[in-house]
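Undergrad: Sequence first, then the predicted structure, then my questions.
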Amino acid sequence: MEVSGRSGDRFLHGAAHLALAVGSLIVSDSPLAPLVALPGVRTAVDESRAAVDALLRDRALRRRRVEVGTEASLRSARASAALDGADFELDWLRSGAVRGDHAGAGVVNGALRVSTELGPLVDVWRRAPLQALAKLHLVAAADLVDAQWLGRPRDGAAAVGDPLGLGAAPGPDVVALRLDLLHRTVLASTDVPALVVAAVVHGELLLLRPFGRADGVVARGASRLVTSALGLDPDRLSCPESGHVVLGRRAYADAVRGFASGEADGVAAWIVHCARAIELGASEMVEVCAALD
């Protein structure tokens, strides 16, 4: 199955990566559905689902759900910040020892706020993904940019920083087109496995860097909104960000570059990589449950 290729008139001409990746595959009202047929993706969908289901069946989780949820939120925030280069010990976050003058404090504090905000944003994501993204950026970048730029996609400004070494981000005109395309794609893909939709949202936002700061934290938060809204991990009790840290930042960046290619193998490898992170994150939380039992 070819993934790359012209999308024709179905999508805005020149919308680049996402249109090229999925536009030629439109066969129904769910533009991402054909990605499930890419090599390894169906197995990845099933295995990630099985890993999260095993966590949700855990006896200790059923008895101590609030504690487990709090720990998952903390670990997710810590790992998300670490993927952007702000790597703090978990105990520092747990004790509140991170001060504003510590290098990376703005990133990790933003990641903590995002973890807290995800629950209220799930319903917003279902009806207005771009509104949810704006809110994610507002809380993720509150310590990093002037208030006037919070929640606003880049307009004439370049992205600041490149923590994953992905190269130059698209210009603001491309960002606007692709955010609109992503919005429409998400709303049309409610019957596609959550893993697939989450991986596309995650990868596209990493590549776009739509806000210019804190985009990695926003991308990972948006991925969690997808898996929550589509029922893979409705209460956000797993920790896929930790899974990405275990797999390594280099592997993470390489997998995103594969997704950026729009080629079948690269897109499939990114989805499978995200599935593996979900599995590892769910297993980590099973261990947390065992420690609480």
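TA: It's in. Numbering: from 1, shown residues only.
Undergrad: mind listing what's buried in the helix or strand residue 276 falls within?
TA: Per DSSP states H and E: residue 276 is located in helix 264-292. Applying a neighbour-count criterion of 16 or more other CB atoms under 10 Å, one finds 264, 266-286, 288-289 buried in helix 264-292. Where C-beta positions appear, they are placed from N, C-alpha and C, glycine not excepted.
Undergrad: got it, and stretch 155-175?
TA: 159, 161, 163, 164, 169, 170, 172, 174, 175.
Undergrad: And the pLDDT at the first one?
TA: I take that to be residue 159. We have a pLDDT of 72 for residue 159.
Undergrad: contacting residues for it?
TA: 169, 209, 212, 213, 215 (CB atoms under 8 Å, 6 or more residues apart in numbering).
Undergrad: What separation is there between it and residue 214?
TA: Per CB to CB, to the nearest Å, residue 159 is found 11 Å from residue 214.
Undergrad: before we move on, back to that, average pLDDT for the helix holding residue 276?
TA: 95.
Undergrad: For that helix, which helices and strands make contact with it?
TA: If you count contacts as 3 or more CB pairs under 8 Å, 6 or more residues apart in numbering; DSSP states H and E, helix 264-292 packs onto helix 41-56, helix 59-63, helix 65-83, helix 194-208, helix 240-247, helix 249-261.
Undergrad: and the next helix or strand after the longest one, what does it pack onto?
TA: Moving toward the C-terminus from helix 65-83, the next helix or strand (DSSP H and E) is helix 90-95. Packed against helix 90-95 by the contact rule (3+ CB pairs under 8 Å, 6+ apart) you find helix 65-83.
Undergrad: In CSV, list the C-alpha atoms belonging to the helix it packs on.
TA: Output of helix 65-83 as CSV, limited to C-alpha atoms (Å, rounded to 0.1, in the frame of the first residue of the first chain):
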residue,chain,number,x,y,z
ARG,A,65,-7.1,4.4,41.8
VAL,A,66,-6.6,8.0,42.9
GLU,A,67,-3.1,7.3,44.1
VAL,A,68,-2.2,5.5,40.9
GLY,A,69,-3.7,8.3,38.8
THR,A,70,-1.7,10.9,40.7
GLU,A,71,1.5,8.9,40.2
ALA,A,72,0.8,8.4,36.5
SER,A,73,0.3,12.1,36.0
LEU,A,74,3.5,12.9,37.8
ARG,A,75,5.5,10.3,35.9
SER,A,76,4.0,11.4,32.6
ALA,A,77,5.0,15.0,33.2
ARG,A,78,8.5,14.2,34.3
ALA,A,79,9.0,12.0,31.2
SER,A,80,7.5,14.5,28.8
ALA,A,81,9.8,17.2,30.0
ALA,A,82,12.8,14.9,29.8
LEU,A,83,12.1,14.2,26.2
